[in-house]
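**Q** Sequence first, then the predicted structure, then my questions.
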Amino acid sequence: MKIGILQCDDVRPELLPAYGNYPVMFETLFSKVDADFEYQTWRVLDGKLPESTELCDGWLITGSRHAAYESHDWMLPLFDFIRTLHQQDKKLIGICFGHQAVAEALGGTVVNSDKGWGLGVAENQVVQKKSWMQPGTETFALLVSHQDQVVEPGNGGVTLIESDFCPHFMVQYNENMLTIQGHPEFSCSLARDLMELRRESVEKDVVDEAIASLLQPVDDIICARWMVHFFKGL
């Protein structure tokens, strides 16, 4: 199965030598569950989009420092591509910014949340279960790094996982699109290093609490299995 990675940002230059860029992180994540995928990356942030939705079997939108409600030259073509994938029932998974971009493209609402930064390990509850969500769990913990939130999913979106802090943490659209606010591709060490770089712009107690949360287990492998099952229609 071939996965097209729609890259919407670069990892910060200070972190690239240790962790690689977004496509590498996702390839590493899927290798942990023996996904046996092939990959091709398009640098959407540079205005590069696939010429056809038929080039890959499934698509993945990465995170980004940009907000889905901002105006950038590459965003409207991306939103058009999302809508085309949706109309054609093509498989798509959106991560963080990708989660928000799908909501915006399909008529939902994304805002800069008055709840502030979501950092560290976010604990959530599973409120709807799907057949591809195996192994099953009642709770779901994942690394997060966001200020923006989906406050209204796009048309047809069903919330599967939520928390008081983030009411729409995981959303499914029909049988072909899945979006996740968290970062299953992040490691705890990357999250820690990223938060240290943000100390000048984020409140000290927020960063300290988030770093302390990294001692908690995360469900990145469960999430990776779910994503593989979703792509394969299991």
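**A** Noted; the coordinates are in hand.
**Q** Quick one: the helices in the protein, in order.
**A** Ranges of helices within the chain are 16-19, 22-31, 75-87, 97-105, 188-197, 204-213, 220-232, based on DSSP state H.
**Q** Buried deepest among the ones you listed, which one?
**A** The highest mean neighbour count among the helices of the chain, using mean count of other Cβ atoms under 10 Å, belongs to helix 97-105: a mean of 26. No exception for glycine: its C-beta is placed from N, CA and C like everyone else's.
**Q** what sits against the residue nearest the centre of the chain?
**A** Central residue of the chain (Cα atoms, centre = their mean): residue 95, 1.1 Å from the mean position. By Cβ atoms under 8 Å, 6 or more residues apart in numbering, the contact set of residue 95 is 60, 61, 62, 63, 179, 180, 182, 183, 184, 185.
**Q** ditto for residue 126
**A** 133, 137, 138, 139, 140, 160, 161.
**Q** Beta-bridge partners for the residue nearest to the centre of the chain, please?
**A** residue 180 (DSSP bridges).
**Q** where does it land on pLDDT?
**A** Residue 95 carries a pLDDT score of 98 in this model.
**Q** measure it to residue 215 for me?
**A** According to Cβ to Cβ, to the nearest Å, residue 95 stands 24 Å off from residue 215.
**Q** where's the nearest residue to residue 232 once chain neighbours are set aside relative to residue 230, distance?
**A** Of all residues not flanking residue 232 in the chain, residue 1 sits nearest, at 6.7 Å (Cβ to Cβ, 6 or more residues apart in numbering). Residue 1 is 12 Å from residue 230, where distance means Cβ to Cβ.
**Q** what about residue 66, neighbour count?
**A** For residue 66, the tally of surrounding residues (other Cβ atoms under 10 Å) stands at 18.
**Q** wait, isn't it in contact with residue 74?
**A** No: contact between residue 66 and residue 74 fails when scored by Cβ atoms under 8 Å: they sit 9.2 Å apart.
**Q** which neighbours do the two share?
**A** residue 8.
**Q** Could you list the low-pLDDT ranges of this protein?
**A** Counting by pLDDT under 70, the chain contains no low-confidence segment.
**Q** Quote the end-to-end distance of stretch 115-133.
**A** 29 Å (Cα to Cα, to the nearest Å).
**Q** Can you list the buried residues in it?
**A** 117, 118, 119, 120, 121, 122, 124, 126, 132, 133 (16 or more other Cβ atoms under 10 Å).
**Q** before we move on, the earlier item: of the contacts of residue 95, closest to residue 147?
**A** In terms of Cβ to Cβ, no member of the contacts of residue 95 lies closer to residue 147 than residue 63, at 12.3 Å.
**Q** Residue 52 - how many residues pack around it?
**A** Count around residue 52 with other Cβ under 10 Å applied: 7.
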